[in-house]
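# give me coordinates for this.
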Amino acid sequence: MGLFSNLSFLKRSQAEAPQPNALVAEATPAPAEAATAAAADDPALAVLIAAATPAAPEPTSGEARAQAEALVRRVVQELPDFMTVAIVDGASGHILAGQWAGHSGGAVEVAAAHAEIVKQTRLVIEALQLGPEELLEDILITLRRQLHLLRVLPASNWLLYLAVRTQDTNLALARAVLRNIAIEGT
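Reported below is the predicted structural model:
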């Protein structure tokens, strides 16, 4: 069971999911009607929904979108056995560009959740008072059959998100590719 698995508004139907292998720019979140109905019954759920629901998308310049799409293409070229590659706006949690190999259901919600993970991790680092030289570079989420890498691109406040199958990709290679792309892409 995942942290957000019991929130019905985070579950999307196949019809709402982006097309497989499609390059997506500025995906929008699922409608909030289900969230509003669920929140009316449970005040604690309303707080979770407010924290997990991304704000309205901010306009993205054509240049920024092109840069995000170029970063996605580079990852896809260097790591062809990916499941998901996306550039996420760290502030809003919206996908700026992305590509999925196969089913992409829930990608918008996952992007928003990962942006929140990065925000919370930054708060933890701040609370630990480690000093300004300690910056968040990446976060690794290890599952039994999947690896999810979140690479922070500090110059643009973007998040480079990669999901791969453990049997298809070497973790050290994936981290090195994302590190190089982050350095060259910022």
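# packing partners of the top helix by length along the chain?
Of all the segments of type helix in the chain, defined by DSSP state H, the longest one is helix 107-127. Counting contacts by 3 or more CB pairs under 8 Å, 6 or more residues apart in numbering; DSSP states H and E, the secondary-structure elements packed against helix 107-127 are helix 43-52, strand 82-89, strand 95-100, strand 138-142, strand 146-153, strand 158-165. Placement of C-beta: from N, CA and C, glycine included.
# among the ones you listed, which comes closest to Ala112?
Closest approach to Ala112 among these (CB to CB): helix 43-52, 6.5 Å.
# check which helices and strands whichever helix or strand comes after that closest one sits against.
Secondary structure here is assigned by DSSP states H and E; on that basis, the next helix or strand after helix 43-52 toward the C-terminus is helix 62-78. Contacts of helix 62-78 with other secondary structure elements, assessed using 3+ CB pairs under 8 Å, 6+ apart, are made with strand 82-89, strand 95-100, strand 158-165, helix 171-185.
# okay, Arg122: pLDDT?
Reading off the per-residue confidence, Arg122 sits at a pLDDT of 89.
# need the pLDDT of the residue nearest to it when sequence neighbours are not counted.
Counting by CB to CB, 6 or more residues apart in numbering, Arg122 lies nearest to Leu136, which is 5.7 Å off, once chain neighbours are set aside. On the pLDDT scale, Leu136 is placed at 90.
# can I assume Leu136 sits in a strand?
No. Following the definition DSSP: H, G, I helix; E, B strand; the rest coil, Leu136 is coil and is not counted among the residues of a strand.
# list the contacts for it?
When the contact criterion is CB atoms under 8 Å, 6 or more residues apart in numbering, the partners of Leu136 are Val118, Thr121, Arg122, Ile125, Val152.
# what about the first one, neighbour count?
Meaning Val118. Using other CB atoms under 10 Å, Val118 has 21 other residues around it.
# that one and Glu78: what is the separation?
Between Val118 and Glu78 the distance is 22 Å, computed by CB to CB, to the nearest Å.
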